[in-house]
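# Fold the following.
(2 chains)
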Amino acid sequence: GENVEQHPSTLSVQEGDSAVIKCTYSDSASNYFPWYKQELGKRPQLIIDIRSNVGEKKDQRIAVTLNKTAKHFSLHITETQPEDSAVYFCAASFAGNQFYFGTGTSLTVIP
Amino acid sequence: DVKVTQSSRYLVKRTGEKVFLECVQDMDHENMFWYRQDPGLGLRLIYFSYDVKMKEKGDIPEGYSVSREKKERFSLILESASTSQTSMYLCASSLVSDGREQYFGPGTRLTVT
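From the prediction side, this is the model:
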């Protein structure tokens, strides 16, 4: 089955700096890669996703890049703000049926 | 707005008890999932269902079973609860198609003593 690895497990950045979280996957058949944000005590919520036919996608301060050849994808957050502090999960899926999640990155933005 | 609800936010059960966790979604989603979330281990799939009465094992199905008698409802059953099953349980649902967002419920924090 699919194996998703996520790094780093914790990340601290100064407010205004950028944050990058990286994930690798093992199954070349995976074609959908979402990123979820989970604030303390709340449910995970989708913040951005990318499909295998796209190399990069942006939404305001958030971007995701995908390298299919190397089987890795990354989340980039620019101009970080304290409200970006949360746990971020990457995931990989084939056809949206079974999702494999990374182990999460706890991001702390220091004011 | 998609709504996924879970029957309890907090649950305390004793070792050996049979435990039912219920999940209901109101968006006519075909797919439903049960995960457990543990610190440092992320979200691990227990079971998923792609249709009524259909189920597939995930990565960690041992000690669990599921039931999906109606499209909107997906139940997770712990046949004989053990302390190792103390965890946060998250339900999710999604449309069946080529990659779609999963919508998560609020979670049930289960403690087995």
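# what about the longest strand along chain A, near chain B?
Longest strand of chain A, by residue count under DSSP state E: strand A:86-94. Yes - part of strand A:86-94 sits close enough to chain B to count as contact by Cβ under 8 Å from any Cβ of the partner chain, namely A:89, A:91, A:93. Quick note: C-beta positions are derived from backbone N, CA and C, even for glycine.
# could I get that strand in CSV with only the CA atoms?
Presented in CSV, the C-alpha positions along strand A:86-94 are these (Å, rounded to 0.1, in the frame of the first residue of the first chain):
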residue,chain,number,x,y,z
ALA,A,86,-1.8,24.5,13.9
VAL,A,87,-1.0,20.9,12.9
TYR,A,88,-0.8,20.3,9.2
PHE,A,89,-1.3,16.9,7.5
CYS,A,90,-0.5,15.9,4.0
ALA,A,91,-2.3,13.0,2.4
ALA,A,92,-2.1,10.9,-0.8
SER,A,93,-5.0,9.2,-2.5
PHE,A,94,-5.8,7.3,-5.7
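# where does the chain have low pLDDT?
I'll assume chain A. A:95-96 (pLDDT under 70).
# I was thinking of chain B, sorry if that wasn't clear
When the per-residue scores of chain B are filtered using pLDDT under 70, the ranges that remain are B:1-2, B:97-99.
# still on that earlier bit, what are the pairing partners of the longest strand of chain A, and which direction each?
strand A:32-38 (antiparallel), strand A:98-101 (antiparallel), strand A:105-110 (antiparallel) (DSSP bridges).
# Enumerate the residues of chain B near chain A.
With Cβ under 8 Å from any Cβ as the criterion, chain B comes near chain A at residues B:31, B:33, B:35, B:40-45, B:48, B:50, B:56, B:58-59, B:90, B:94-102, B:104-107.
# PyMOL command to pick out the buried ones of those residues?
The PyMOL command for the buried members of the residues of chain B next to chain A (criterion: 16 or more other Cβ atoms under 10 Å in any protein chain shown) is given here:
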select buried, chain B and resi 31+33+35+42+43+44+45+48+50+58+59+90+94+95+99+100+101+102+104+105+107
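# Go through the residues of chain B next to chain A and flag which are in strands.
B:31, B:33, B:35, B:42-45, B:48, B:50, B:56, B:90, B:94, B:104.
# farthest-separated two in those?
B:42 and B:50 (22.3 Å; Cβ to Cβ).
# Contacts only, for residue B:58.
Listed by Cβ atoms under 8 Å, 6 or more residues apart in numbering or on different chains, the contact partners of residue B:58 are A:98, B:33, B:34, B:35, B:44, B:45, B:46, B:47, B:48.
# which strand residues sit across from the second one in the sheet?
When bridges are called by DSSP bridges, residue B:33 pairs up with residue B:48, residue B:92.
# Point me to the residue of chain A nearest chain B.
residue A:32 (2.9 Å; Cβ to the nearest Cβ).
# What's opposite that residue in the beta bridge?
The partner list for residue A:32 in beta bridges (DSSP bridges) reads residue A:51, residue A:93.
# Closest to the centroid, which residue in chain B?
The residue at the geometric middle of chain B, judged as the C-alpha nearest the mean C-alpha position with Cα atoms, centre = their mean, is residue B:34 (2.8 Å).
# Verify the stated contact: it with residue B:44.
No - with contact defined as Cβ atoms under 8 Å, residue B:34 and residue B:44 do not form a contacting pair (10.0 Å).
# ok, what's across the strand from residue B:13?
Counting by DSSP bridges, residue B:13 is bridged to residue B:112.
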